[in-house]
Each structure stands twice: as structure tokens, then as C-alpha cells.
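A.B. asks: let me see the structure of the following:
(one chain, ligands or ions: 2)
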Amino acid sequence: MKKHKIMQVLSKKIYKEKFVELFLENDLTPFPRPGQFLHILTGGAFIRRPLSIAGCTENSVRILFEIKGKGTKKLSEISKGQYLDIVGPVGNNFPLPDRKKEISLVAGGMGLAPLLFLASQLISEKMNFKFFYGARDKGHLLDFLLPKGDYKKFISTDDGSDGEKLTVVEMFERKLNNEKTDIVFAAGPYQMLKALSEICRNNNIEAYVSLENIMFCGLGVCQGCVTETINGYKRVCRDGPVFDHREIKWT
Ligand SMILES: Cc1cc2nc3c(=O)[nH]c(=O)nc-3n(C[C@H](O)[C@H](O)[C@H](O)COP(=O)(O)OP(=O)(O)OC[C@H]3O[C@@H](n4cnc5c(N)ncnc54)[C@H](O)[C@@H]3O)c2cc1C
Ligand code: FES
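C.D. replies: Ligands and ions are numbered 1, 2, ... in the order given. Here you go, the predicted structure:
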């Protein structure tokens, strides 16, 4: 199936000066699933940049990113009506959970993006879940983007400038007694996912994490994105980005 596409920008919003939301025309096949990402030529860099799919309808695909370096800076300068060179959808997806399970989504920082897509899917499937979301500080918190719906939201910031003054992992652990969880879907920085994995292991909770390793080819060829697992080295772009947390050899 041809995954290389030229897709038009339908709309663009900038939040808090450094976060950009783009809606692109949806020319993707097959229809994307939560956890998958797009590999985008940004114009600012020769190598494509991986960005999670933050939402998808028949007509549009949503991405949400933080301006970090030259690639995302250049991408932030694109305007409505212009076109992007995209490979996607790439990678695997979060497995759709059994609806009898107590589901928790745990997002740290820009790990929010893939979990927005998953939350929308769970809402449309009429499944219950809890959403734990933490950011460094108020200036990095995008909780207003959480989809509307009848689910519990728990918000934290590391410095306490909004929500609870905890990391998202600390908040998740503290709530475990009252907020039963059978299965976790998580995305965010490596150290956050590592800490969360330990808590899930200690509490016998099933968990799937989305890794954000630096990528080059995004095609499973260069081995530049590998992570060590109990089953040998795996390519995050092709075998992931979503892994069962017990599979990863955390460093
Ligand atoms: C599967 C996947 C999904 C992602 N989804 C999102 C998302 O939805 N929203 C979002 O804001 N970010 C996401 N990222 C991270 C995003 O790809 C990087 O922030 C981006 O590539 C940085 O490019 P740059 O040219 O702006 O920065 P650079 O100038 O290349 O580097 C700036 C900083 O970003 C880090 N970085 C560079 N390339 C990557 C990379 N490929 N992956 C991770 N970190 C990198 C560098 O170590 C450096 O600290 C995702 C990463 C992966 C692997
Ligand atoms: S980025 Fe080349 S194998 Fe994953």
C-alpha cells in the first residue's frame, strides 16, 4: 500500500507560542489507528520527523507538536493551503482493550498527542477510562485539548503551577487505591515511562507504552531507532512505537 503522500494543511493553531496543532486532509490508507505516527518532511531538516497522529476522521488528520529544534520550527511556519510530504501511517498501535477492564491513559508532556486519539476512540466506542495528564508547568499544559466526554481527568504539573503538584507518574501511583486500574496506555518521555513501568510491574497492571526514540529512515532499515527488549533489539519505527512495558529492558 502506498504510504507516501502529499497532504494539504486544512488549518493551523498555535497554543502558548510553542505548541502547534495542524489538521491535514486525510489521504491516508489504511485508516490510522491510535499509536501510529506520520513521518514528515519539515523543510527545516533533510531527515523526516516523526509525529504521532493525535486524531483522525474521514476528512482530516490531526497532529500536535512542540517546537523543539529546526525541523519543528520550520513545520510551525507552514500555512493553511500549503502541502506536506508525508509517509504514514507508520508503526503499530495501542491494542483495543477489553471493555470490562479498568483503563487508564497516562500522558506526560507531548505524550498527550497519541493519547488524545486513543481517548477519542474509547469515547466513540462508549468505553470507560481515566485520563492522567501531567506537564512540566502551566505553560506546557494543554489540558483544554482533552476531548469532551464522561471520563475522569487528573491533571498535574511538576511545579504545582496548575493541577496537583506531582509528576504524572506520582499522581497515578497515589490514586491507585481509589482509582482501580487493570490496564494502562502511556506516552511521554523515556524516564517517565520507565518509572510508570515499575509501578505497573509492582501492582501487576498490564501496560502499553509508546516510545519516542530518535528516528532516521522510519522504514525499519537503518536500525537507528532500536531499543533493547527481552526478545532482542527491536526497531521502534517498525516493531513499535507501542510496546508491552514488560518487553522493554529499561536502562
Ligand atoms: C513515534 C514518535 C512520535 C512522536 N510524536 C510526537 C508528537 O506527537 N508531538 C511532539 O511534539 N513530538 C513528538 N515526537 C518527538 C518529535 O519527533 C521530536 O521532537 C522532533 O523530531 C524534533 O525535531 P526538531 O528538528 O524540531 O528538533 P532537533 O533540532 O532535531 O532536536 C531538538 C531536540 O529534540 C530531540 N529530538 C530530535 N529528533 C527526535 C526524534 N525523532 N524523536 C525524539 N526526539 C527527538 C533532540 O534530541 C533534541 O533534544 C515523537 C517522536 C517519535 C519517535
Ligand atoms: S528509524 Fe531506521 S530502523 Fe527505525
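A.B. asks: relative to ligand 1, which residue of the protein is the closest?
C.D. replies: Relative to ligand 1, the nearest point of the chain is G69 (1.8 Å; Cβ to the nearest ligand atom). Just so you know, the C-beta spots here come from the backbone N, C-alpha and C atoms, and that holds for glycine as well.
A.B. asks: what's the burial count for that residue?
C.D. replies: 11 (other Cβ atoms under 10 Å).
A.B. asks: shouldn't G134 be within a strand?
C.D. replies: Yes. Under DSSP: H, G, I helix; E, B strand; the rest coil, G134 sits within a strand.
A.B. asks: please renumber so the chain begins at 382
C.D. replies: Sounds good: first residue 382 from here, last item G515.
A.B. asks: how about it, nearest residue that isn't a chain neighbour?
C.D. replies: Nearest residue to G515, sequence neighbours excluded (Cβ to Cβ, 6 or more residues apart in numbering): V549, at 2.8 Å.
A.B. asks: can you give me the pLDDT of that neighbour?
C.D. replies: Per-residue confidence (pLDDT) for V549: 98.
A.B. asks: what residues are up against it?
C.D. replies: Counting by Cβ atoms under 8 Å, 6 or more residues apart in numbering, V549 touches V487, A488, G489, F513, Y514, G515, S537, G569, M573.
A.B. asks: next: K615.
C.D. replies: K615 is in contact with V607, T608, G621, F624, E628, counting by Cβ under 8 Å, 6+ apart.
A.B. asks: export those as TSV, with columns for neighbour count.
C.D. replies: TSV is the format used below for those (neighbours: other Cβ atoms under 10 Å):
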residue	neighbour count
V607	17
T608	20
G621	24
F624	21
E628	16
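A.B. asks: now distance to ligand 2 and secondary structure too, for these, in TSV please.
C.D. replies: Output for those, formatted as TSV (distance: Cβ to the nearest ligand atom, whole Å; DSSP: H, G, I helix; E, B strand; the rest coil):
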residue	distance to ligand 2	secondary structure
V607	7	strand
T608	10	strand
G621	9	coil
F624	14	strand
E628	17	coil
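A.B. asks: so which residues on the protein come close to ligand 1?
C.D. replies: Contact residues, the chain versus ligand 1 (Cβ under 6 Å from any ligand atom): 418, 426, 430-433, 445-447, 449-453, 491, 494, 593-596, 622.
A.B. asks: in ChimeraX, how would I select just the buried ones from those residues?
C.D. replies: Applied in ChimeraX, the following selects the buried portion of the residues of the chain next to ligand 1 according to 16 or more other Cβ atoms under 10 Å:
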select :418,430,431,432,433,445,446,447,452,453,491,494,593,596,622
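A.B. asks: show me the residues of the chain next to ligand 1 that map onto helices.
C.D. replies: Counting by DSSP state H, the part of these found in helices is K451, G452, T453, A494.
A.B. asks: just give me the closest of the residues you listed to N559.
C.D. replies: A494 (27.9 Å; Cβ to Cβ).
A.B. asks: S505 - how many residues pack around it?
C.D. replies: 10.
A.B. asks: against P528, how distant is it?
C.D. replies: S505 is 10 Å from P528, where distance means Cβ to Cβ, to the nearest Å.
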